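Peer 1: Got a predicted structure here, sequence first:
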Amino acid sequence: MNLIREIWQSIVRRDPLSTDKGKSELVFLNVWLHIHPAKVKKENLKFRHTFYLGFITFFLFLILLTTGIALMVYYRPYPPQAYQDMKDLQYVVFMGPFLRNMHRWAAHGMVICVFLHMCRVFYTSSYKKPRQFNWVIGVLLLLLTLGLSFTGYLLPWDQLAYWAITVGTNIGSYAPLVGGQVRELLLGGHSVGEAALLRFYVLHVAVLPSLMILLTIVHFWRVRKDGGLSRPIWKLNSKKIETLVTIGAPAEVAPLQVAAASKDKTYGLMEVVTGKPIFETVTPEEEEDTVFSYPYAFVREAVVLMATVTTIMAMSLFLNAPLEELANPAKTPNPAKAPWYFLGLQELVSHSALLGGVVAPALMVLALLAIPYLDRNTSRNLADRKLILWLFTIFVVANLALIVVGTFFRGPGWALVPPWVHVVAGAE
Amino acid sequence: MERRLQQLFFALSLLALALILAAGWQANTPSWKTYQRSFLQIEAQGEPNAVTKAAVLATPPEIRQVLLPGLQRVDRCTTCHLGVEDPTMKNASEPFRYHAELGPHVPSRFGCTICHGGQGLATDKEGAHGNVAFWPNPLLSKDYIRASCGRCHKEGDVPGVPELTEGRRLFETQGCRGCHKLNGVGGSIGPDLTGEGANRRSPDWLEHHFLDPNAVSTGSAMPNLHFTKEQARDLTYFMLALTNEEMGSYFSSVRLIPSPEYGRQLFVEKDCLACHAVGGAGAKTAPDLLGVTKRHSTEWLDEQLVNPELVYPGSSMPEYDLETNARKALVAFLATATPEDVQLILSKKTRTMTPEDVAIEAGKQDFARFGCVGCHGTELQGGVANPNAQGGEVPSLLHVSADYTKDEVIAIIRNGRVPPMDNAAGPAPPLYMPAWKHVLSDEDINRIADYLWSKQEKNKDAW
């Protein structure tokens, strides 16, 4: 029994969880949990503050990683075997359809959740100082999510995949000067073929996931270092303007100073860096609002994790991922459509290739990246931000409207056809 | 609140577990396992003692598949159709029934879908029979399965499938190539038909299309050629066989079946009786062929057909550029040829042709083969509707010499011509004369002109 206790204590070195010290140590002695602070503000845990959208996105990414690795075992990235492997997943591999469905629905879910997460962060002003750069990382993660989804779209090598990628990469080629070359680099040729499939596969299973993991780590780390979650807007005290300092980024009010070094003393960081602490929790009154991360934050995250997993599983049990005919370069479907999240772009392109396909999306991405630096308004009160709220809302609604039009209202020849009208295509 | 959340967490975890179990159960109970169990029941009934019965019933379920790299497919049909190669199952009900009269086409070598269509990779009934979205070729109905013979046996006669031969003959004589390309040769007014059989057209659609193109394809430029029901069926067979698949060496080697019937056809076509005789019937210039297969070995005969001079230096027999199976067919015919049959062939050969006749006949054949007859008619009568062209139809060629010189006609054939419009503001007429200079040799074009002129003169006589 002593041995068992010794083994246990060698693994778990914290005090019992009944003590405050034990609760703290659970967090900061554990490599996986110490991304959390030992204590968090009660209000920040409220569902209606964040809707846990960041967590949901992250959990969807975990589902995608695990199901994706399992799918790799059954997949050969060259035509036409790639398509046959899809059929084998569907008909022969044990739980193959379930696996593929989970990957598909989690991927769509991630595109939606990462976008909603961005909206939440915008509306709660959580991109404002000192969190400006984390917003930029977030926008990059959004782009990576779209890139992962887009590269994965080609892999089944069916008609849907083939033509969606053909249309999608054509949109990219409208960029002046480099557009054509970028497309050629991506496809390894002038059209979607064997080389394109292999390149998309490498991007999808190696390059983009690695970048995603790296940037996700930075994103999480930054959340901690920027002072944890922003305060819910209903908790804002309009009189008090928060002045926050992050390590390495001196605030205007109190520049950082490095204490003179003494030869007979070792220093901890807290003794070297002066200035205000990085946490928003500074006053004793606010200290009373905090709770230990264990169990308050963890149980909520666990519930969100299981809710995400069960939702995706339930969808995968009843909804099958689409698989059309084998890719056929000679047979263009009419209309050929890009993946749904790019249909807004395709809709714009149908009006003007250069403006819609290059200028508008480039401006959109630049504007998103620059939001925290362009918005000089320091107030987080909704009442003080009317103009920018309107602008952002218009941006969101316009994007959604374009996607809806592109998805449901476009028929053969990209003609305006309402979804309730059935068009028989292919008459000669 | 915290307790509630913990309960919620456990409830959701249980739900996740239940969902995984449900997915596993769904994956573990495919319909093919049920079929395999019923098949084992039937097999076990035939076993005499309890031990072997139990052994049969204990056979673990497995997916069966035939890997066919030569046909670029994997057929899993025998996962459920377990009795196809078992003659004792000839009275069993589907899906276990024995497939009789397969000849050499055993499923273990040929699979099933190359003839029947359907989705070989699928392991459920709906998917395998191909009646699902996004699968281009569902099972062929009984009436059309024989069309699939033409997928491998692309040329010559296929025993038991006269429709294919007739369909091919119609295609080559009714002028289809005038508008449609097949294997690179033909016009470009209509769609290329090289892979038409893989184009997810249902046989019904094709057949209706041949009877009345506009009924199934509104606004089609294809004229109604007034085919009979049988001809429409023959052409449908021919279309269904045009799948243009890449095939392994074995499957492409049977392109031509070396049957004596086809050999007889070649014997007539190549006019062997111009020099040879069989049992005294025919010409005397070259050796009599009666019993030739007994006098010489198969290899000798084959060599003789490939390179006569090598066997008999100074032989005047021409080198016929025949492929292996065509030579085999000819030899097979010679082994069975009788003087009576050859007399029959001779009696059908009515008159000997002068060199001019031969040239005009060749022109007539070109006129048919390259599809001119599709629009201008087998008797040069024209008359195929061509809306908004002057006169509203394709012109007759019976009086062409009244309006043009021979050189002008040759120029029109070479360079093509867009018909003048009735109403200049209206839509362009759907049919036009394609340029043929890249398809036909000058020799062919001159022969066609000769043929046209031969018809003109006859008409002048008639006036």
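Peer 2: Nice, I can see it. Residues are numbered from 1 along each chain as shown, chains lettered A, B, ... in the order given.
Peer 1: need the contact list for the residue of chain B found nearest chain A.
Peer 2: Nearest residue of chain B to chain A: B:Leu12, at 3.5 Å (C-beta to the nearest C-beta). To be clear about C-beta, it is placed using only N, CA and C from the backbone, and glycine gets the same treatment. By C-beta atoms under 8 Å, 6 or more residues apart in numbering or on different chains, the contact list for B:Leu12 reads A:303, A:306-307, A:309-310.
Peer 1: please redo it, this time with the cut-off set to 10 Å
Peer 2: Contacts for B:Leu12 (C-beta atoms under 10 Å, 6 or more residues apart in numbering or on different chains) come out as A:302-311.
Peer 1: out of those residues, which touch chain B?
Peer 2: A:302-311 (C-beta under 10 Å from any C-beta of the partner chain).
Peer 1: And the top helix by length along chain A, what does it pack against?
Peer 2: Identified as the longest helix of chain A according to DSSP state H is helix A:96-123. If you count contacts as 3 or more C-beta pairs under 10 Å, 6 or more residues apart in numbering or on different chains; DSSP states H and E, helix A:96-123 packs onto helix A:47-50, helix A:53-72, helix A:81-91, helix A:132-154, helix A:293-318, helix A:360-374, helix A:386-408, helix B:2-28.
Peer 1: ok, and does the fourth one reach over to chain B?
Peer 2: It stands for helix A:132-154. No. Judged by C-beta under 10 Å from any C-beta, helix A:132-154 stays clear of chain B, getting no closer than 16.3 Å.
Peer 1: can you give me the offset of that helix from its chain's centre?
Peer 2: Chain-centre distance of helix A:132-154: 6 Å, with C-alpha atoms, centre = their mean, to the nearest Å.
Peer 1: Show me which positions of that helix end up buried.
Peer 2: For helix A:132-154, burial by neighbour count (16 or more other C-beta atoms under 10 Å in any protein chain shown) applies to A:132-142, A:144-154.
Peer 1: What residues of the helix or strand following it count as buried?
Peer 2: Downstream of helix A:132-154, the next assigned helix or strand under DSSP states H and E is helix A:159-172. Residues of helix A:159-172 classed as buried: A:159-172 (neighbour count, 16+ other C-beta under 10 Å).
Peer 1: Please determine how far B:Leu8 is located from A:Val291.
Peer 2: Per C-beta to C-beta, to the nearest Å, B:Leu8 is found 18 Å from A:Val291.
Peer 1: Chain neighbours aside, what residue packs nearest to the residue in the stretch 151-300 of chain A positioned nearest to chain B?
Peer 2: Closest approach between the stretch 151-300 of chain A and chain B, counting by C-beta to the nearest C-beta: A:Val299, at 4.8 Å. Leaving aside its sequence neighbours, A:Val299 sits nearest to B:Leu5 (C-beta to C-beta, 6 or more residues apart in numbering or on different chains; 4.8 Å).
Peer 1: can you check A:Arg410 too?
Peer 2: A:Pro335 (5.8 Å).
Peer 1: Is there contact, residue-wise, from the helix or strand encompassing B:Cys115 to chain A?
Peer 2: Per DSSP H and E, B:Cys115 falls inside helix B:113-116. No. Counting by C-beta under 10 Å from any C-beta, chain A is not contacted by helix B:113-116; separation bottoms out at 12.8 Å.
Peer 1: got the contact list for that helix?
Peer 2: So helix B:113-116 is contacted by B:66, B:68, B:70-77, B:102, B:105, B:107, B:119-121, B:128-130, B:137-140, B:145-149, B:151-152, B:243, B:245, B:247, B:251 (C-beta under 10 Å, 6+ apart).
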